[in-house]
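Chemist: no sequence on this one, just coordinates:
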């Protein structure tokens, strides 16, 4: 994801507050939680054992409340499943062998359902409908077309969706009937907007407009008056204010949006559609990420991004009185959704182990666990819970991150370490299960998932600190984290590598090219090597976001010299440490050429480079077959250059 899709999780969550965080005012040392954990040997699980864990996502109740439509990778490829709430086990509904299928939701009156999929990771998703008899067809056919589901209508007779079929760079808003699948155009998008919601009476369209990484506006379009109104004007003029669409209330009388006007963090506002009056709904010490109503309008859920975890606050929608949520000790509760009648609530709970799906009967409070995601061959006590750790960087700025300490690490047996850099620019490493990181930690690697300056979730000042300083200011944080790791006493400071995907992959390449002796090795997962080409080849449907990226990173038409300066490809002759590159063949964001050219340039110099390309994969590996090859390659590479003879020779 890019910086302009600022954290807005579809998972509505409760907070997981991690104890023992390392304060920036303390001398760097082993964190409180880590100090209490004595070194111990644990089995080293195979990649097959890790990938035999089942991942689940999404949840939509059937009309009778007896099933949930979920997505899962049980078959090795993401497909849609029916999950009975009685706990009797999932039933596979779609049979994709290559493309990742994500369920959207059941129809209001039967078990017909919607799902979305692309072709081999090209991100050109279409919306499909599947009948109870298993037949399915594409509701949004067309070449080079991308379609996105918005919502169900209040009368349950149709859906709202967007497509870019008219103009590849713009998403228009449509309504499609659920009986004959007839599509009606509601809004022609000629202003570079991102549609966010449609009012229940279909009169109003909520639109987002990206200006810069920290300046986003919200508009309301009146279909009756054919009038577009800026709901969030800059005050004072030309100020940087980030606003976002939350949505309309079920009765259409209110519109909710987030804003950071006059604040470091976003808070929730209500706009009265009849009077135009505004009122503050909720402000926290962190970003309010979004809000949503249950389908029957009884519950109102607000999501907060709290220190790399998520917190949900549940309210009675009529009174805004808090409603108690289930207590799940040591787990992050996410993905809250309600049955059509509002009597059942489904949610996921996740910790160091992968998340499991639960359903709660609201009248009596009973909770039933529906899934057992972790492979039974893996003892959950052998996984590692990430701990929030902060340190002061090269210029005194406090940098947060998530530290994973291998069970076997100690002062007497120091571990090699990896700095993990998230995607973006502007993403965030978050608390929860990460199969690749757990695999590496299980095999003895300490991992610090850094939230370097420019990451979301820590205030807008921190968020903007890397603008026009990419591969420099943020890279400095990654390098500074090495001291924190070494000062734990259980990390070997001479064996620290760097790893990351997407923008994190760029940071790997930047580290090896611009600070060539800082890291012992690098693992680049579909990272940018040439910003000029990447910014020139942004998919058309990124139109509004592309302009913001140009303002933050640079416009290749006028900033070519600067972009070449920060592009590792043009400095590949400086790279001297081993490199592994993993690339999806159909990646539409970071083209395969990005990886091919940096690999060729580094090989030309004689530096060890390993390179793997995966068919039918895009920007983010989806298939178990791909993950098995990629993760095994990463571990073998790191064992060779951070643990093996090659590392020892380089250290001499």
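Modeler: Looks like it came in fine. Not measured: the values here are computed from a predicted model.

Chemist: so how far is residue 445 from the residue nearest to residue 51 when sequence neighbours are not counted?
Modeler: If the residues on either side of it in the chain are set aside, residue 51 comes closest to residue 624, at 5.0 Å by CB to CB, 6 or more residues apart in numbering. For every residue, glycine as well, the C-beta is placed using N, CA and C. From residue 624 across to residue 445, the span is 22 Å (CB to CB, to the nearest Å).

Chemist: the two - which one has more neighbours?
Modeler: Higher neighbour count among residue 624 and residue 445: residue 445, with 26 against 20, using other CB atoms under 10 Å.

Chemist: correct me, but that one touches residue 414?
Modeler: No: Residue 445 lies out of contact with residue 414 (CB atoms under 8 Å); the separation is 11.7 Å.

Chemist: picking that back up, wait, doesn't the residue nearest to residue 51 sit right on residue 48?
Modeler: No: with contact defined as CB under 8 Å, residue 624 does not count as touching residue 48 (9.3 Å).

Chemist: and after the helix or strand hosting residue 580, which helix or strand comes next?
Modeler: Using DSSP states H and E, residue 580 falls within strand 579-584. With elements assigned by DSSP H and E, the helix or strand that comes after strand 579-584 is helix 592-605.

Chemist: who are the packing partners of that following helix?
Modeler: Applying 3 or more CB pairs under 8 Å, 6 or more residues apart in numbering; DSSP states H and E, we find helix 592-605 packed against helix 531-536, strand 579-584, strand 609-614.

Chemist: show me where pLDDT drops low in the stretch 1-150 of the chain?
Modeler: Along the stretch 1-150 of the chain, the model assigns pLDDT under 70 to residues 1-37.

Chemist: for it, which segments count as strands?
Modeler: 56-61, 67-72, 79-84, 91-92, 101-106, 113-117, 126-130, 136-138, 147-152 (DSSP state E, counting those that start in this stretch).

Chemist: how about CSV for these, with distance to residue 470 and mean neighbour count added?
Modeler: Shown next, in CSV, are the strands of the stretch 1-150 of the chain (distance: least, CB to CB, whole Å; neighbours: other CB atoms under 10 Å):
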stretch, distance to residue 470, mean neighbour count
strand 56-61, 31, 22
strand 67-72, 34, 23
strand 79-84, 38, 22
strand 91-92, 43, 12
strand 101-106, 31, 22
strand 113-117, 32, 23
strand 126-130, 34, 19
strand 136-138, 39, 14
strand 147-152, 28, 19
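
Chemist: of those strands, which approaches residue 498 most closely?
Modeler: strand 56-61 (28.7 Å; CB to CB).

Chemist: residue 631 contacts residue 47, doesn't it?
Modeler: Yes: with contact defined as CB under 8 Å, residue 631 reaches residue 47; the gap is 5.2 Å.

Chemist: quick one: common contacting residues for these two?
Modeler: residue 439 (CB atoms under 8 Å, 6 or more residues apart in numbering).

Chemist: residues near the closest residue to residue 120 other than its chain neighbours, how many?
Modeler: Counting by CB to CB, 6+ apart, residue 616 is the residue found nearest to residue 120 once chain neighbours are left out, at 3.9 Å. Residue 616 is flanked by 20 other residues according to other CB under 10 Å.

Chemist: separation between residue 616 and residue 585?
Modeler: The value you get for residue 616 to residue 585, if CB to CB is used, is 7 Å.

Chemist: got any residues that touch both of these two?
Modeler: With CB under 8 Å, 6+ apart as the test, residue 616 and residue 585 both reach residue 120.

Chemist: torsion angles phi and psi at residue 39?
Modeler: Torsion angles at residue 39 (phi, psi; degrees, to the nearest 10) stand at phi -60, psi 140.

Chemist: give the contact list for residue 144.
Modeler: 124, 168.

Chemist: er, residue 283 actually
Modeler: Going by CB under 8 Å, 6+ apart, the list of residues near residue 283 reads 263, 265, 267, 268.

Chemist: which of the residues you listed are buried, as a PyMOL select command?
Modeler: Only the buried entries of those go into this PyMOL selection, using 16 or more other CB atoms under 10 Å:
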select buried, resi 265+267+268
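
Chemist: inside strands: which ones of the contacts of residue 283?
Modeler: Among the contacts of residue 283, DSSP state E puts 267, 268 in strands.

Chemist: so where is the stretch 501-650 of the chain shaky, pLDDT-wise?
Modeler: By pLDDT under 70, the weakly predicted segments of the stretch 501-650 of the chain are 645-650.

Chemist: which parts of it are helices?
Modeler: 503-514, 531-536, 543-552, 560-565, 592-605, 624-638, 645-651 (DSSP state H, counting those that start in this stretch).

Chemist: in the fifth one, what counts as buried?
Modeler: The neighbour-count check on helix 592-605 (16+ other CB under 10 Å) flags 594, 595, 597, 598, 599, 601, 602 as buried.

Chemist: kindly report the same for stretch 335-345.
Modeler: Neighbour-count burial for stretch 335-345, counted by 16+ other CB under 10 Å, picks out 335, 336, 337, 338, 339, 340, 343, 344, 345.

Chemist: go on, stretch 387-396?
Modeler: Neighbour counts over stretch 387-396 (16+ other CB under 10 Å) mark 387, 388, 389, 390, 391, 392, 393 as buried.
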